[in-house]
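Student: no sequence on hand, only this structure:
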């Protein structure tokens, strides 16, 4: 039983760290602010969830496990909110977009020349 | 278990270095904020792994506080960019 928990914890922690590395490579390679923001929120949710779950399986004491679960929940709640705030701020400040951008749902609506007709 | 935690800490160190490189490349303030947030999330993971490695449960509190600070920093920078522009 102990060995099973050890292996599960090791796999979870290594997966979380691998996601952090992949996201850091993505930060260097992706073309614009919005794509980089997309990749940067992955280690902050999935990476931290995996790493902290792996640690929670292995730490001693119920209080430590509870605190780690609390940290995971908090991270899962706040990271999308922070990403949303930053994305809106970047769009409002007219951050340049990559030429590969397909859809921009925050763009101003087209103005009709003859309103009322 | 020691070998596993060493590997994990090594991977997280690589991620930290790549994020710092991104933050040093000239770019918008948001790019840099995102890159430094990547460092913060790697540090949170690393602190939790250090709690496993050393068996010292004080590290767990640091992971909790790190998450709070990361959110506060990003939302502050978003507010600043919203008022002043890039």
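Tutor: Great, that's in hand. Note that the structure is a prediction, hence the values are computed from the model and not measured.

Student: for chain A, which segments are assigned as helices?
Tutor: A:2-29, A:33-42, A:48-58, A:62-92 (DSSP state H).

Student: correction: chain B
Tutor: Under DSSP H, chain B gives helices at B:2-24, B:29-54, B:58-84.

Student: so of the helices of chain A, which one's packed in deepest?
Tutor: The highest mean neighbour count among those, using mean count of other C-beta atoms under 10 Å in any protein chain shown, belongs to helix A:48-58: a mean of 26. For glycine as for every other residue, the C-beta is placed from the backbone atoms N, C-alpha and C.

Student: and for that one, what's in contact with it?
Tutor: A:5-6, A:8-13, A:15-17, A:19-20, A:64-65, A:68-69, A:71-72, A:75-76, B:1, B:8, B:41, B:44-45, B:48-49, B:51-52, B:60, B:63, B:67 (C-beta atoms under 8 Å, 6 or more residues apart in numbering or on different chains).

Student: how close does the spatially closest residue to residue A:106 that is not a sequence neighbour get to residue A:37?
Tutor: Take residue A:106 and drop its neighbours on the chain: the residue closest to it by C-beta to C-beta, 6 or more residues apart in numbering or on different chains is residue A:91, 5.0 Å away. Distance, residue A:91 to residue A:37, using C-beta to C-beta, to the nearest Å: 10 Å.

Student: for chain A, which spans come out with low pLDDT?
Tutor: A:112-117 (pLDDT under 70).

Student: centre-most residue in it?
Tutor: Geometric centre of chain A, nearest residue: residue A:41, 1.8 Å, by C-alpha atoms, centre = their mean.
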